[in-house]
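Could you work out the structure for the sequence below:
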Amino acid sequence: MALTFDAGPGPYTESLLEVLKAKRVNATFFLLGKSGVARYPDLVRREASAGHELANHTWSHPRLTEVSAVEIRRQLALVQEQVKLLTGRAPSLMRPPQGRTDPRVAEVSRSLGLAQILWTVTASDYRDHDPKVITQRVLAGAGRNGIILLHDVYPGTVPAVPGIIDGLRKRGLTPVTVSQLFATNKPQPGHAYRNAT
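Take a look at the predicted model:
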């Protein structure tokens, strides 16, 4: 299963990186530009140098289906530029805020070389911050070739991650990056994916 974190980096990201290192897991981070990349450039570099996958979650988290195509492009291009400046490599994946996509979002994503990655399971960790609840929700929805959506900007998420990783492994599931999950079937720019099947 792909382990993904949205909306960072933020104040909990450093602790999360330590947990992932201890568990020997790489994840995909869908980065926000304004509140994440611009505020925590060293954490972006650290994520990249630790072998995690960096992906695009827009500059300021608008609902892309409610803004112009020009604004969609601006939102994505700003993050592409900043991540490339910091790490030497622009992302090839994006996640539209709230998973809201349409043909315009798909076309702009395609033109920027970005595949849209959605999810199969989320813990609603933006609403419920209890690590036990977060862990239970993720494991209840976990399955082969799935994509887990979490956030590294909420207090209950990082404490839940060790239990999530251990629970996945007990079920014979390996936490990986999105690109590792799609290793035999690379996501195509513009297309939207909820899982690797």
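
Please, which helix or strand holds Ser179?
Element membership of Ser179 [criterion: DSSP states H and E] is helix 178-181.

Next, the buried residues of that helix.
Judged by neighbour count (16 or more other Cβ atoms under 10 Å), helix 178-181 contains these buried residues: Val178, Ser179, Leu181. Heads up, the C-betas are built off the backbone N, CA and C, glycines and all.

helix or strand right after that helix?
Sequence-wise, the next helix or strand beyond helix 178-181 is strand 192-193, with elements assigned using DSSP H and E.

For the residue nearest in space to the middle of the chain, what is the enclosing helix or strand?
Centroid-nearest residue in the chain, with Cα atoms, centre = their mean: Phe30, separated by 3.3 Å. Using DSSP H and E, the element containing Phe30 is strand 28-31.

quick one, strands of the protein?
Under the criterion DSSP state E, strands of the chain are mapped to 2-8, 28-31, 53-56, 93-94, 115-117, 121-122, 147-151, 192-193.

Turn those into JSON lines, columns for distance to Glu107 and mean pLDDT.
Formatted as JSON lines, those follow (distance: least, Cβ to Cβ, whole Å; pLDDT from 0 to 100):
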{"stretch": "strand 2-8", "distance to Glu107": "23", "mean pLDDT": "98"}
{"stretch": "strand 28-31", "distance to Glu107": "20", "mean pLDDT": "99"}
{"stretch": "strand 53-56", "distance to Glu107": "16", "mean pLDDT": "99"}
{"stretch": "strand 93-94", "distance to Glu107": "13", "mean pLDDT": "99"}
{"stretch": "strand 115-117", "distance to Glu107": "11", "mean pLDDT": "98"}
{"stretch": "strand 121-122", "distance to Glu107": "26", "mean pLDDT": "96"}
{"stretch": "strand 147-151", "distance to Glu107": "23", "mean pLDDT": "98"}
{"stretch": "strand 192-193", "distance to Glu107": "12", "mean pLDDT": "94"}
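
Show me what stretch 177-185 is in contact with.
1-4, 26-28, 52-53, 55, 92-93, 117, 145, 147, 186-187, 193, 196 (Cβ atoms under 8 Å, 6 or more residues apart in numbering).

One more pass at 6 Å, please.
Ala2, Asn26, Thr28, Glu53, Leu93, Ile117, Ala196 (Cβ atoms under 6 Å, 6 or more residues apart in numbering).

Please name the strands paired to the strand holding Phe30 in the sheet, noting orientation.
Paired with strand 28-31 in the same sheet, following DSSP bridges, are strand 2-8 (parallel), strand 53-56 (parallel).
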